[in-house]
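**Q** just coords:
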Ligand code: SF4
Ligand code: SF4
Ligand code: SF4
Ligand code: SF4
Ligand code: SF4
Ligand code: SF4
Ligand code: SF4
Ligand code: SF4
């Protein structure tokens, strides 16, 4: 859409939308960017970090010419090749993710504007002036009211449409362009998430400008079964906050337990520290089958699609609260309250109720009525043993398990009363229920596993939202110099090899004084393991965005605060203007901010767009083994690739030979290996000798810890001068470097990609 | 998002957007409807016309829990079952289609507002006052300017986002709700198409309020190879119209041939009757490989995704003119003109140029320069024979052919100089090039086929846009009474069994005094066959929207005028208010307008949303065999299903037992069978005895013609009283009815679904 | 557990469960005779295909006659049958008949109850495979499907292999007929 | 042309070309010995799997030694090898090594040129199958892939069947070793 005219009507319109006349910063080159506007940045990124495709299917089945076989260089009937098809699927996934958050944002915004009006001021508290780093950077608008956020989300809607357009038959023919479009969609995802969470913080008074948010009880045992239990599942707090208001106003909050799964749990605990978090997605089906929930209120995203069917099995009642997910249920939104309650209580019916206030009242009434009559017991040891005894070791469960787990051994153990091994296996289970479904002996496996499921409860800190400007000022220097070895963001879903992995990684790096931030299911599971004195990482480490801090940022949409923090470093600390200046922000983050994302159990399309959005901004992401099924990574080849950057100080291109960061989307098979890769991906070319030696210290020591001694094969690539070598390993490293004939090289004063590819951004723009 | 409050801020906002205060009609129940608002209508529709799923894949591969096996009642790791997965894929397809048109609309609108300003009045000419039936019906806004259209398309963007949201992991769990969402997306597709074509008609002065538009030359032989040839491929006229302006202004139009393929060809000929139409999608690759095009300008949709690669083979030059499709080419939009031309001419480079004016000038300059040096010859008989002679009858081509064609026999014939059979086969070829690619003998099959490809030229009437209100007034009565047996819309792509099929069907039904309208590739191929005196259907039949007329409405986006015409009948003829009154319009069309769509070669996602949009409005669609790969149809079971309707006159529910229309999305294997099904699907319960007897006359005679005599098995279901029986078959039919013990039944005065399902629409609303 | 690639690649199975490949006419005959209420679904290609002059629809009618299987004539097959002096037991298009067959409570073409074995013959392979998919996914509890066409159909329960030559196919059909005669 | 269903259903092939299934150790040995520049890619599961106490990594190392195949240690395999007193020829993760192997001009772990046969062993099956997919689609012109794991991998060029019992697998590996010894 980029016509080039003197000043087009369209450019005028954009300037109006972003209130260009307000001079809080000069308007940068790309206000409300469209598909072509950041394409040259993408192409530069993709030159070093080339798309790596692992086709999950050899075919394309998207139109009626198909199926088309795309193997061995074949093209489909439309001319498409396998790489382009993978990129197209990736774009579709990122669009599904982006639209999920944009839809969430649009709805919550509508809900809150209904409540507070469009002029409701955006105030993120004393310590946050830069309230919307993603929005400001991408669009150029400084949002001051909920109404401004609407302007932003409407821009996102438009871009989503144009991007989805390009996935149609006979459209884009280049995998690079599809990747550029996926990067665009994913950048917009962070804009949409930021809109959603700012609206929520402002509209629901979620915590902001504070670090030590309340501690929340977590785990199913934290839920008082003796009371009526309302379970909230999904992502959208409109329902849950309304429910809590209703309970408070009607003095029912002592009588009713409110518990949540997935992000709605995280949102709800930002609104009320009395709400309980049951666990992550991977415990959803397990918990529902326990029957503990009297009423299940669903909103959107990451909800079992068979919820009413599962609820029927334990006679829980379901209320679908959002039009995204209506399960074919009758829409009772306009019905008489009593009638709904009656049918739910007596006829065990489920309904869609799209009015949160009505839904809340119905949920409470129904829960109070049916709870006394429902029994909510875990399975008995005897019953479990008996059921497990029916196992014939047929292996069918292992064949269908997405985590490749065989239950046979566990069933044998359980039948013999040995629960330790099965307990370990349960930690690996991602709770999909496929084994149950496939078992020829009809063993209700998830129910049997209740006997080994941990009955512990844990403490997690409520999500705190955005990082404070003040915190950024404190860590800006140590981070960019490297004396804080890195910011690690543990995000995403619970499709990981083992539920303990995230907690173990967080513990390791927090101890090493990395800054650790978390969101979503990752934030939940990080709290589900106890270390010394039975304390979780949230109890062991300070809640500050500082060396050794462990920060629960919040739900999925809070991921925008993580990219936001990176942008803040460039803007607040490095004083680079951000307004409509995405390219400069991304270049800064990629080349100078030692940040790394870890999406260990990434599963959803949202996780795909969140990660890809981090990538466009220059943040590398480490993924778990399942993520190879996303079909695409961004990898470099350290020995072969071109590691030249512009030294903006010297104004000359320098061949650093240093692969930092080496990859931006990477899959590790085990958490041990991830813990070796993560510190490496925090290395940046602008590290000071001191900073670099600290980073290498962690890299080497973690390498020795998990790779059985010796030194990293690629260590020499990251040592610029002797001063970079960590003290503890001086001797060993020097010997090694001598052996392989290492030569010292000049560190780069001010590394940047600007100047190494065609862009409208002048070199001056990256110098502060 | 439908919160129910007294009058919410949101409702207020919608009323502002649609200028509710302007009282051209009362605002109906569903202005700018969202997902839940028309759901009850969808559920009613889906009760009679149940989704029929033919899974094209047994699995789901959309998230990293997968692949999940969904056979034999299995659910995926998220709880999804196979039916819901099919519906989800259908929704995705409809969204891809809807966004393609919405993206097109948004872009062309931007382009034209740039040109004319947002206040440019919408004037569809003397005979069209109801300028935007879809927009008015769906949104409630009467668009008066291009700026109003922008309001409409922004509403579409928003809905697309919310609908795409619902395809994310762990969202909708009901196939019925996914279908309702697909129907919503597809209704919006017609809104988007209407926006696009109204903008084009107004902004480019395309013909409107006129029937006898100019005759256009069609076929590759119509293209003067001796001149520089610029080929336009795609759907978006911004480029082509700008090109023609440039040629005119610079007196180059005599020196340069402008030809088009697919919808851009149709659009271009609405702008200039001197432009040539090469053919439909199925001739794209074939023509490109002929090398006749010097410069190929691509815009969007249905373009070969390997265009630059194919162009290189014959040293044509490509200019990608729209950001949807950039092929990884350098973006030269801001480059110096001479430099671009130089590199294209000398280095044979292709570029993306997103400024239509620059693209047009470059195209002309390059074509003029390179044309003299390029040779553009069809293959010689000798060469063809020799190449064909290499065939070893290995059958590999048949294995990969999407139309299941084997080339072996044809190659043998050609090598022996017999071209008749191969010519027939070429008519069946949909031009994908897979045989070429697979042939172990490396026979350039498409090139060889040049020797049998018809060198004829044909005449087609330029697309005329909307049906005139005056025409509607004339046909309203005969249509709803049934004395005009039906309106048939031949639409969609060229993935059909034989390229002659559409022309044959059009000829058959035009002769029988049906009203025939056409769009897109169907409109093109209808003109590619000659009947008596070497005339095409466009030359044989009048261009009027009247009995026996054959109307080329235009390109894909002109499909909105077909649904628009149906709405006009309800509004102009039946005088039912349409404003924000979709449910009433759809109920009227389904129960009282004898219209039927035929998408014989439907292939793309756009065709899916166009067809599904017709379905929501109550227009049945007959599809060709390939369309079973869309995975979903809407079928009834005439003997088993419930054919009760409300008789709005008598205000009572009547069990008609009459399956009219029997199906709303149906696949036929052969055109012969389609010609038996089509007249049946035009039957409506409100036919007068005279009208019904005419319709049954065609049904019976076509049945006898193609089903080898006898009477239709289900004839008795459509005979209400003796008067319904066509004169010519009175005796035979009476005997038959007697045999099977048929009993007469009362015709229904005013059939409607209103009153047979929960809806806010009062019965009064359907009575005029 | 393994699966065969169909001749027409557009029909390649993407899944786990695929047709049992049977080359032995006796086995086919046996399956047909064991069926309580078989149904033979005939497609229009049967009046295009022929073995040295003899149309395949004639083979189909012979099979139906010997094994006493009711016929569903799809598309325009009825016309051809009438020409050949016979009448189908029912007339439905491919997509219609599978739509009925999906329903376990359907009365069947003879009104004697739904069918337990549905034999497809002569429908264009992509459409036939899609129709088989409908039954595979939504009728697996109450019926089985079988094909008599020249090539392998993954979505069927029982299918012939991809015959390289018409002769092999012809031989199979003739064997099948004689086997059925024995059986009958 | 037919294809086998992999043990782990998430790996089911959706396509046409799948691994040649080989059960004969001699044939495997032969393929390995015919290769000019084979590469053995080892995964972390080799230090979890064992046959009566003997870790599978020991089998892997033995195979490498006899057939003189360079080793690429993925993930944390290097650590285990060091424990066992040996060193890998290269250390790359699974996704990294296939990323190199894709490139026909890569110098290989021995700097003697890219490899022509890549043998995978001990990577979790979903990840291994995806890595094989990379090479199947983007390296089909210049190398072949092989697996030594217990189950069938459709995306490989050569794969073992789905062994029902460890004993069968153990037997195969031992046969392979002795075959390689002969050959060597
Ligand atoms: S696996 Fe996925 S891409 Fe492949 S055919 Fe099935 S649905 Fe299509
Ligand atoms: S979109 Fe292209 S590759 Fe995919 S099925 Fe259609 S023609 Fe084949
Ligand atoms: S529930 Fe757990 S063990 Fe069972 S299949 Fe799913 S992940 Fe595997
Ligand atoms: S499927 Fe059931 S019986 Fe078979 S091994 Fe698993 S748990 Fe045991
Ligand atoms: S982290 Fe992933 S699984 Fe968890 S709620 Fe968010 S998207 Fe869903
Ligand atoms: S979306 Fe559901 S069915 Fe599809 S792969 Fe993921 S878990 Fe399986
Ligand atoms: S080009 Fe024609 S004949 Fe060749 S495979 Fe495509 S449709 Fe079949
Ligand atoms: S693939 Fe080539 S050689 Fe084989 S039959 Fe077709 S045209 Fe002849």
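**A** Nice, I can see it. For clarity, every value in this text was computed on a predicted model and none was experimentally measured. Numbers count the residues shown, from 1 in each chain, chains lettered A, B, ... in the order given. Ligands and ions are numbered 1, 2, ... in the order given.

**Q** Going by C-alpha atoms from here, please, whenever you check contacts or count neighbours.
**A** Will do.

**Q** So residue C:126 sits against residue C:9, correct?
**A** No. Using CA atoms under 8 Å, residue C:126 makes no contact with residue C:9, being 9.5 Å away.

**Q** which stretches of the chain have low pLDDT?
**A** Because you didn't say which chain, this covers chain A. A:1-5 (pLDDT under 70).

**Q** Let me rephrase: I mean chain C.
**A** In chain C, residues with pLDDT under 70: C:1-2, C:184.

**Q** Just give me the residue right at the centre of it.
**A** Closest to where the C-alpha atoms of chain C average out (CA atoms, centre = their mean) is residue C:120, at 2.0 Å.

**Q** Do whichever strand or helix holds it and chain B come into contact?
**A** Using DSSP states H and E, residue C:120 sits within strand C:117-121. No. Strand C:117-121 stays clear of chain B (CA under 8 Å from any CA of the partner chain), getting no nearer than 13.7 Å.

**Q** Name the residues of that strand that are buried.
**A** C:117-121 (16 or more other CA atoms under 10 Å in any protein chain shown).

**Q** contacts for the helix or strand just after that strand?
**A** Sequence-wise, the next helix or strand downstream of strand C:117-121 (DSSP H and E) is helix C:125-138. Helix C:125-138 has contacts (CA atoms under 8 Å, 6 or more residues apart in numbering or on different chains) with B:52-56, B:71-73, B:82, B:625-626, B:628-629, B:669, C:8, C:10-11, C:94-95, C:98, C:101-102, C:120, C:143, C:145, C:153-157.

**Q** what does stretch A:51-62 give?
**A** So stretch A:51-62 is contacted by A:66-71, A:76, A:82-83, A:85-86, A:169, A:628-635, B:56, B:61, B:93, D:13-16, D:99, D:130-131, D:133-134, D:137 (CA under 8 Å, 6+ apart).

**Q** Kindly recompute the last result at 7 Å.
**A** Residues outside stretch A:51-62 that contact it (CA atoms under 7 Å, 6 or more residues apart in numbering or on different chains) are A:66-71, A:83, A:86, A:629, A:631-635, D:14-15, D:130-131, D:133-134.

**Q** Let me know whether residue A:354 touches residue A:334 as I believe.
**A** No. Using CA atoms under 7 Å, residue A:354 is not in contact with residue A:334, being 9.0 Å away.

**Q** So which of the two has more stuff around it?
**A** residue A:354 (25 against 13; other CA atoms under 10 Å in any protein chain shown).

**Q** For residue A:341, see how far away the nearest residue to the more buried one once chain neighbours are set aside is.
**A** Nearest non-adjacent residue to residue A:354, counting by CA to CA, 6 or more residues apart in numbering or on different chains: residue A:321, 4.9 Å away. Distance, residue A:321 to residue A:341, by CA to CA, to the nearest Å: 15 Å.

**Q** before we move on, what about residue A:218?
**A** 30 Å.

**Q** In the stretch 651-768 of chain A, which residue sits nearest ligand 1?
**A** Residue nearest to ligand 1 within the stretch 651-768 of chain A: residue A:667 (21.5 Å; CA to the nearest ligand atom).

**Q** Tally up the residues packed near that residue, please.
**A** Counted with other CA under 10 Å, residues neighbouring residue A:667 total 29.

**Q** Also residue A:723?
**A** As a burial measure, residue A:723 scores 14 neighbours (other CA under 10 Å).

**Q** same thing with residue A:454?
**A** Neighbours around residue A:454, by other CA under 10 Å: 14.

**Q** Could you pull up phi and psi at the nearest residue to it once chain neighbours are set aside?
**A** Nearest non-adjacent residue to residue A:454, counting by CA to CA, 6+ apart: residue A:423, 7.7 Å away. In terms of degrees, to the nearest 10, the main-chain angles of residue A:423 are phi -60, psi -40.

**Q** State the number of residues packed around residue A:423.
**A** 19.

**Q** And the one 5 residues further on, by the same measure?
**A** Other residues within reach of residue A:428, judged by other CA under 10 Å, total 20.

**Q** Is it correct that it is in contact with residue A:497?
**A** Yes. Using CA under 7 Å, residue A:428 is in contact with residue A:497, at 5.7 Å.

**Q** Distance of the residue lying closest to residue C:90 once chain neighbours are set aside relative to residue C:43?
**A** What sits nearest to residue C:90 in space, not counting adjacent residues and going by CA to CA, 6+ apart, is residue C:72, at 4.7 Å. Distance, residue C:72 to residue C:43, using CA to CA: 9 Å.

**Q** returning to what we had before: which one of residue A:321 and residue A:341 has more residues nearby?
**A** residue A:321 (27 against 23).

**Q** quick one, what contacts residue A:282?
**A** Residue A:282 is in contact with A:430-431, A:494, counting by CA under 7 Å, 6+ apart.

**Q** Also residue A:297?
**A** A:231-233, A:318-321.

**Q** what's the answer for residue C:88, then?
**A** With CA under 7 Å, 6+ apart, residue C:88 has these contacts: C:71-73, C:78.
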